[in-house]
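> Sequence below, structure please.
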Amino acid sequence: MKIKFLSSICFSLFALLVVSTTSCGGNASNNGGVVADSAASTKNLKIAYVLIDTLTSQYELYKEASENFQNKRNNAEATITKKGQNFAMQLEQFQNKLRANQLTQMQAEKEQARLAKLQQDLQDLEVSLSASLQEEYQKELQALTDTIQTFMSVYAKGKGYDFVLCKSSGIDNVLYANEEYDVTAEVVAALNEKYFTQKAAEAKNNAGEKK
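Model (predicted):
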């Protein structure tokens, strides 16, 4: 069950997030006019970028989701380990009895069948827990992706950005970026403010329901 939570977030979030696009205006009478209009339009584009590694390390919702998922994975692995140790102990006891001739052939065959089923049940449980974790991982990843994409769309339109690029230490589609256009800190601050506001509202609603 080696699932690293959101290890590929830059793939699923926005390797290149197109927030909005400007149209290449002007009706040119020849190809030269089209090229000129296109170049002029490109010069007027407003572009920013976000460092995804920094965002995921400082965004509280991501950190909380990552911690929760890690705890669930640890619990699943602990369950498998404990059951595996119990199986190993029973297998060793069976082998000791065989060596000491303490079992009849019928008893040995019955115990061997029981241990084989126990081993199969353990393998089935590991597969089931791993599949369950993988499914939850995908749901959490999609939820976080949707949250950030929705926020970025509103944020970028409010700031007048035509494109917001994603920079990552592992997968980087931006060969060069002037730090002047780094909006990571502003985005993280706004995301966390929104998250804490929603969390406080949910806590207030839950408190009201308990009264």
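
> in the protein, which spans are strands?
16-17, 47-51, 163-167 (DSSP state E).

> Adding mean neighbour count, distance to Asp146 and mean pLDDT, write these out as TSV.
Every residue, glycine included, has its C-beta placed from N, CA and C. Shown next, in TSV, are the strands of the chain (neighbours: other Cβ atoms under 10 Å; distance: least, Cβ to Cβ, whole Å; pLDDT from 0 to 100):
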stretch	mean neighbour count	distance to Asp146	mean pLDDT
strand 16-17	14	13	36
strand 47-51	21	16	92
strand 163-167	20	16	88
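
> Which residue, other than its chain neighbours, is closest to Ile80?
Excluding its sequence neighbours, the residue lying closest to Ile80 (Cβ to Cβ, 6 or more residues apart in numbering) is Glu126, at 5.2 Å.

> picking up where we left off before, so can I have CSV of the strands of the chain showing distance to Glu209?
As requested, these are exported to CSV (distance: least, Cβ to Cβ, whole Å):
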stretch, distance to Glu209
strand 16-17, 37
strand 47-51, 37
strand 163-167, 38
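
> returning to what we had before: next, find the distance separating the residue nearest to Ile80 from Gln120.
11 Å (Cβ to Cβ, to the nearest Å).

> These two: which is more packed in?
Glu126 (17 against 10; other Cβ atoms under 10 Å).

> Please tell me I have it right and the more buried one contacts Glu77.
No. Glu126 is not in contact with Glu77 according to Cβ atoms under 8 Å; the separation is 9.3 Å.

> confidence score at Lys204?
Per-residue pLDDT puts Lys204 at 85.

> er, Ser168 I mean
83.

> any low-confidence regions in this protein?
Low-confidence segments of the chain, defined by pLDDT under 70, span residues 1-43, 171-172, 175, 211.

> helices or strands up against the longest helix belonging to it?
Looking across the chain with DSSP state H, the single longest helix is helix 105-159. Packing partners of helix 105-159 (3 or more Cβ pairs under 8 Å, 6 or more residues apart in numbering; DSSP states H and E): helix 9-12, strand 47-51, helix 60-99, helix 184-210.
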